[in-house]
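1. Sequence first, then the predicted structure, then my questions.
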Amino acid sequence: MLETILGSECPSVQKGVLVSTTRELFAGHGIRCTPQRRALYEALLGTRSHPTAEELYRIVKPATQRLSRATVYNTLETLCEAGLARKLPSYRGCCRYDADVSEHLHICFREDGAIQDLPDDLGEKLIRHISEDVIAEIEDRLGIGIDGISIQLLARRKDA
Ligand SMILES: [Zn+2]
């Protein structure tokens, strides 16, 4: 059951692999492709750092004309609503963004709120240790159907 949950129905854009041109991808998701949106999406897709909106603005701004912070925030909301990105709550500071919408787990660092991906094999190992009996008990007791699991580990760097 948990494997089914994890392998769920999220549309998958593989990190670092443009499955089609950004313009085609946007069109398929009903999003108008502007130079600003395209630059933001491709920058987000090209990083594994789970940047904040402000960090993304600073990365994209030098090479992009007429880019405002409002455009960055609006574009990120649009991308998230379209399922092309996701917003990650950070333990500390602003939300962060990820263009990898495949199922994967995150580690959030207490010192600065930075987020990194947990390697897939470790994420799968962790999820496998969640008891299906407990999931079933939660569903029964609360009268709900659980169809996904989101885990964010909180950590400190050992050299900090
Ligand atoms: Zn991620």
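-> Arrived safely, thanks for sending.
2. Is Tyr97 within a helix or a strand, and which one?
-> Using DSSP states H and E, Tyr97 sits within strand 96-98.
3. then the one helix or strand Lys125 maps to to PDB, C-alphas only?
-> Element membership for Lys125, per DSSP H and E: helix 120-128. What follows is helix 120-128, C-alpha atoms only, in PDB (Å, rounded to 0.1, in the frame of the first residue of the first chain):
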ATOM      1  CA  ASP A 120      15.800   8.400  -2.900                       C
ATOM      2  CA  ASP A 121      17.100   5.100  -1.500                       C
ATOM      3  CA  LEU A 122      17.100   6.500   2.100                       C
ATOM      4  CA  GLY A 123      13.700   8.100   1.600                       C
ATOM      5  CA  GLU A 124      12.300   4.800   0.400                       C
ATOM      6  CA  LYS A 125      13.900   3.000   3.400                       C
ATOM      7  CA  LEU A 126      12.400   5.500   5.800                       C
ATOM      8  CA  ILE A 127       9.000   5.200   4.300                       C
ATOM      9  CA  ARG A 128       9.100   1.400   4.300                       C
END
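4. can you pull out the helices in this protein?
-> Ranges of helices in the chain, per DSSP state H, are 2-6, 22-28, 35-45, 53-60, 69-81, 120-128, 132-142.
5. Contact partners for Ala114?
-> Residues counted as contacts of Ala114 (CB atoms under 8 Å, 6 or more residues apart in numbering) are 49-50, 108. Quick note: C-beta positions are derived from backbone N, CA and C, even for glycine.
6. Which residues of this structure lie near the ion?
-> With CB under 5 Å from the ion as the criterion, the chain meets the ion at residues 98, 117.
7. please redo it, this time with the cut-off set to 8 Å
-> 48, 50, 88, 98, 100, 104, 106, 115-117 (CB under 8 Å from the ion).
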